[in-house]
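>>> okay, sequence plus prediction incoming.
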Amino acid sequence: MDHISPIVAQFRIQGTPADIRPLGAGLINDTYILRTQSPDTPDYVLQRINHHIFTDVEGLQRNIMAVTAHIRRKLIAQGVTDIDRKVLTFIPLKDDENKTYYFDGTSYWRMMLFIPDADTFDTVNEKYSRHAGEAFGQFQAMLVDIPDTLTESIPDFHNMEFRLQQFRDAIRDDAAGRVEANRDIIDDLLRRATDMCRAEELHRQGLLPKRVCHCDTKVNNMMFDRQGHVLCVIDLDTVMPSYIFSDYGDFLRTAANTGAEDDPDLSRVSFNMDIFRTFTEGYLSSAAAFLTPLEIENLPYAAALFPYMQAVRFFTDYLNGDTYYKIAYPEHNLVRTRAQIRLLESVEQNTPQMAEFITDRMHKLGKTPL
């Protein structure tokens with residue numbers, strides 16, 4: 001790790017570095033934990049930012065600093081104690097206190113305080129799904145009035161119209177000669193296209209706002225204290241303007257799937273309504289205060305949108321010859337596509353029950369019926 005020491009030296013840390021080693025198994029950024037010599041000085045997390053995915057590092061860090069500063073101000077106003085455990089704290093450079101990333105000529109780096117006595121969990125069960133719903137709803141709620149204009153850290157990331165245009169281009173080009181053999185899937189996806197672009201159309205009509213969203217709502221993107229209480233939301237690289245459907249629907253796509261994302265046995269794939277109920281209960285408990293009736297009414301649409309979007313993305317890559325997603329075997333993207341379509345079908349079958357549950361929860365929260 002000797003090559004990292006000059007990077008550490010660029011940041012305004014307290015104490016003397018004692019040890020640095022890899023932390024976690026992130027798929028995007030390289031992450032390290034830096035321990036300092038004294039128990040009286042904090043430890044730190046150092047990350048190499050993947051600038052091939054996040055091409056605008058300046059915009060990315062500007063987003064994160066705006067969001068964390070706004071949350072910090074809210075927590076101070078609420079009289080919250082131990083704030084450094086409730087929101088991420090980024091470390092400035094030694095020679096520029098207004099800058100929180102360093103470019104070494106090849107890579108971009110940033111550093112933040114390590115939060116001690118905290119854990120993340122990969123388990124998706126009813127308990128943690130409810131925690132996730134409440135935490136991500138609260139995250140959105142705290143950022144409703146953020147004065148800063150955020151950039152899209154990944155442009156068109158959850159833009160369904162953009163993903164469908166990529167899909168149609170792939171059909172037209174037929175780069176891998178796979179179109180004719182898969183007309184049934186193409187037809188199945190295209191017949192839903194207009195309805196699945198509902199969010200973009202409602203936005204154009206001025207009916208659906210864009211809000212600041214996390215856009216990567218996995219259960220392991222929250223930190224818990226040792227008593228099992230949520231401390232804060234982490235992994236803020238994808239925080240950007242989006243529809244609230246991004247945070248709601250994307251969580252359910254993975255957490256409420258009874259099978260694997262690439263399950264070859266479609267009989268194992270269905271939509272887990274118990275996970276839906278607990279996540280929705282938690283989400284509405286913290287987000288219902290700012291959501292519009294239209295946003296709430298379309299939460300079942302959000303649950304369908306994300307398996308649909310992922311099916312389109314997997315299948316687009318399959319038609320293009322598997323150029324984007326890593327595959328383990330030649331038909332991997334096709335198997336992924338079919339599994340996502342099966343999940344979508346299960347969501348559609350459960351939509352009436354979902355709408356009924358949401359209406360009931362709104363009544364219990366004392367909110368106006370949909």
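Sure thing, it's come through.
>>> how far away is the closest residue to P116 other than its chain neighbours from Y101?
With sequence-adjacent residues excluded and distances taken as C-beta to C-beta, 6 or more residues apart in numbering, P116 is closest to D43, at 7.1 Å. C-beta here means a position set from N, CA and C on the backbone, and glycine is covered the same way. Separation of D43 from Y101 (C-beta to C-beta, to the nearest Å): 19 Å.
>>> may I ask you to name the longest helix in this structure?
helix 332-364 (DSSP state H).
>>> buried set for stretch 61-72?
Q61, R62, N63, I64, M65, A66, V67, T68, H70, I71, R72 (16 or more other C-beta atoms under 10 Å).
>>> how far away from the center of its chain is that stretch?
Averaged C-alpha coordinates place stretch 61-72 at 16 Å from its chain's average position (C-alpha atoms, centre = their mean, to the nearest Å).
>>> in CSV, list the C-alpha atoms belonging to it.
Below are the C-alpha coordinates for stretch 61-72, written out as CSV (Å, rounded to 0.1, in the frame of the first residue of the first chain):
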residue,chain,number,x,y,z
GLN,A,61,-18.5,15.7,-5.5
ARG,A,62,-20.4,19.0,-5.8
ASN,A,63,-23.6,17.0,-5.5
ILE,A,64,-22.4,15.0,-2.5
MET,A,65,-21.2,18.1,-0.7
ALA,A,66,-24.4,20.0,-1.3
VAL,A,67,-26.5,17.1,0.0
THR,A,68,-24.4,16.3,3.1
ALA,A,69,-24.2,20.0,4.0
HIS,A,70,-27.9,20.4,3.7
ILE,A,71,-28.6,17.2,5.8
ARG,A,72,-26.1,18.4,8.4
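>>> mean confidence score for that stretch?
Average pLDDT, stretch 61-72: 97.
>>> give me the residues contacting it.
With C-beta atoms under 8 Å, 6 or more residues apart in numbering as the test, stretch 61-72 has contacts from 83, 86-90, 100-101, 110, 139, 142-143, 146-148, 150-151, 153, 212, 236-237, 239-240.
>>> tell me the secondary structure for R168?
Reduced to three states with DSSP: H, G, I helix; E, B strand; the rest coil, the structure at R168 is helix.
>>> how many neighbours does it have?
13 (other C-beta atoms under 10 Å).
>>> and the residue nearest the centre of this structure?
D216 (0.6 Å; C-alpha atoms, centre = their mean).
>>> thought that residue was touching S242?
No: in this structure, D216 is not within contact of S242 by C-beta atoms under 8 Å, at 10.8 Å.
>>> follow-up on the earlier one: the residue nearest to P116 - how many residues pack around it?
19.
>>> need the strands for the stretch 51-200 of the chain, in chain order.
102-103, 108-113, 118-119 (DSSP state E, counting those that start in this stretch).
>>> show the pLDDT at the residue nearest to P116.
So, for D43, pLDDT stands at 95.
>>> tally of neighbours for A170?
Neighbour tally, A170, other C-beta under 10 Å: 22.
>>> show me the contacts for it.
T316, L319, N320.
>>> which residue is the nearest non-sequential neighbour of it?
A170's closest residue in space is L319 (C-beta to C-beta, 6+ apart), at 4.0 Å.
>>> that neighbour contacts R172, doesn't it?
No: using C-beta under 8 Å as the test, L319 is too far from R172 to be in contact (9.7 Å).
>>> more neighbours, the two?
Using other C-beta under 10 Å, the more surrounded residue of L319 and R172 is L319, with 27 against 10.
>>> what's the burial count for D360?
With other C-beta under 10 Å as criterion, D360 counts 11.
>>> swap that for K94, please
Neighbours of K94 using other C-beta under 10 Å come to 12.
>>> same question for the one 5 residues further on.
In terms of burial, K99 registers 14 neighbours under the definition other C-beta under 10 Å.
>>> please name the nearest non-neighbouring residue to it.
Going by C-beta to C-beta, 6+ apart, K99 has L93 as its nearest residue, at 4.9 Å.
>>> look up how far R338 lies from that neighbour.
L93 is 49 Å from R338, by C-beta to C-beta.
>>> all helices of the stretch 51-200 of the chain, in order?
Secondary structure of the stretch 51-200 of the chain (DSSP state H, counting those that start in this stretch): helices at 57-77, 126-142, 160-173, 183-190, 193-196, 198-204.
>>> quick one, which of these is nearest to I296?
With C-beta to C-beta as the measure, helix 126-142 is the member of the helices of the stretch 51-200 of the chain nearest I296 (11.7 Å).
>>> mind giving me the packing neighbours of the closest one?
helix 57-77, strand 211-213, strand 222-225, strand 230-233, helix 245-255, helix 273-287 (3 or more C-beta pairs under 8 Å, 6 or more residues apart in numbering; DSSP states H and E).
>>> let's see it at 6 Å
strand 230-233, helix 273-287 (3 or more C-beta pairs under 6 Å, 6 or more residues apart in numbering; DSSP states H and E).
>>> shaky segments in the stretch 251-370 of the chain?
Applying pLDDT under 70 to the stretch 251-370 of the chain flags residues 368-370.
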